[in-house]
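# this is a predicted model, with the sequence first.
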Amino acid sequence: MTMPNENKREVPDWLRHILSRDQQLTKQCFDLFDRKYGLANHRSSLKYLEISCHGIPWIFGTCALIYTFPQHIEIWINLFYLLILDIVIVAVTKAYTRRRRPSYNQKDMFATVSVDKFSFPSGHSTRAVALAFFFTSLFPLPMIFAPVMFLWSGAVCLSRVLLGRHHVLDVMGGIAIGFGAYVILSFTLISEEGAKSLGSYLFGEDPWSSG
């Protein structure tokens, strides 16, 4: 006798309706862009945006910055903290919601792990938004770069739908979570001394302590 799957969660009717409308809206946006501009003509540009906000280059790049520019250790340690916080929140949320990606998503995503088969929230969107606020509010770049950061962030979010990677609600949820991660970081910023101590613990030799 086949036993019922007790782990299978029932989706409420109201939520099922919202998700269905979200799927329809997402497909309409995807098809409209494809008809008007031709996805094949812009796929490589959208893929560059995808890679530009991937977690792996950002994490390894931040580690390299810790060693290359140790005088700014406070910035890099807090950036590393934000990236790890983002990954943890997104991974847990994806594992819990287990929403499937759009059926027309191509299997050509860069450096994925098992949880990446799920769609909500968009991890690229959470990261893009969190990084935009990090570099414009917490540790601001020169003012001229602020519009660039938010344009890049918006382009990354939009590209997730146009590439067929995510539904619209996945991106909207990602935007909200990314802002939430920024707020959490703003209340739990690591001081310069704390950053030096943490950097020594995580990365061993500390070229920033000699100064």
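Thanks, I have the structure now.

# how close does F120 get to G180?
Counting by C-beta to C-beta, to the nearest Å, the gap from F120 to G180 is 15 Å. Glycine gets a C-beta too; all of them are placed from N, C-alpha and C.

# sorry, slip of the keys, the one I care about is H167.
Counting by C-beta to C-beta, the gap from H167 to G180 is 20 Å.

# for R16, same thing?
Noted for R16: a distance of 26 Å to G180, by C-beta to C-beta.

# do the same with E50
Spatial separation of E50 from G180 under the definition C-beta to C-beta is 22 Å.

# looking at H167 and G180, which is more packed in?
H167 (27 against 16; other C-beta atoms under 10 Å).

# pretty sure the more buried one sits against Q23.
Yes - taking contact to mean C-beta atoms under 8 Å, the distance of 6.2 Å between H167 and Q23 places them in contact.

# list residues touching both of those two?
The overlap between the contact sets of H167 and Q23 (C-beta atoms under 8 Å, 6 or more residues apart in numbering) consists of P102.

# under the pLDDT cut-off, which ranges of this structure? List them.
1-8, 111-113, 204-211 (pLDDT under 70).

# could you find the closest non-adjacent residue to Y182?
F133 (4.1 Å; C-beta to C-beta, 6 or more residues apart in numbering).

# quick one: contacts for the one you found?
With contact set as C-beta under 8 Å, 6+ apart, F133 has these partners: 178-179, 182.

# tell me which helix or strand it sits in.
Using DSSP states H and E, F133 falls within helix 123-133.

# CA atoms of that helix as CSV?
Presented in CSV, the C-alpha positions along helix 123-133 are these (Å, rounded to 0.1, in the frame of the first residue of the first chain):
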residue,chain,number,x,y,z
GLY,A,123,19.5,35.6,-5.4
HIS,A,124,20.9,38.0,-8.0
SER,A,125,18.3,40.5,-7.1
THR,A,126,18.9,40.3,-3.4
ARG,A,127,22.6,40.8,-3.9
ALA,A,128,22.3,43.6,-6.5
VAL,A,129,20.0,45.6,-4.2
ALA,A,130,22.1,45.0,-1.1
LEU,A,131,25.3,45.9,-2.8
ALA,A,132,23.8,49.1,-4.3
PHE,A,133,22.8,50.3,-0.8
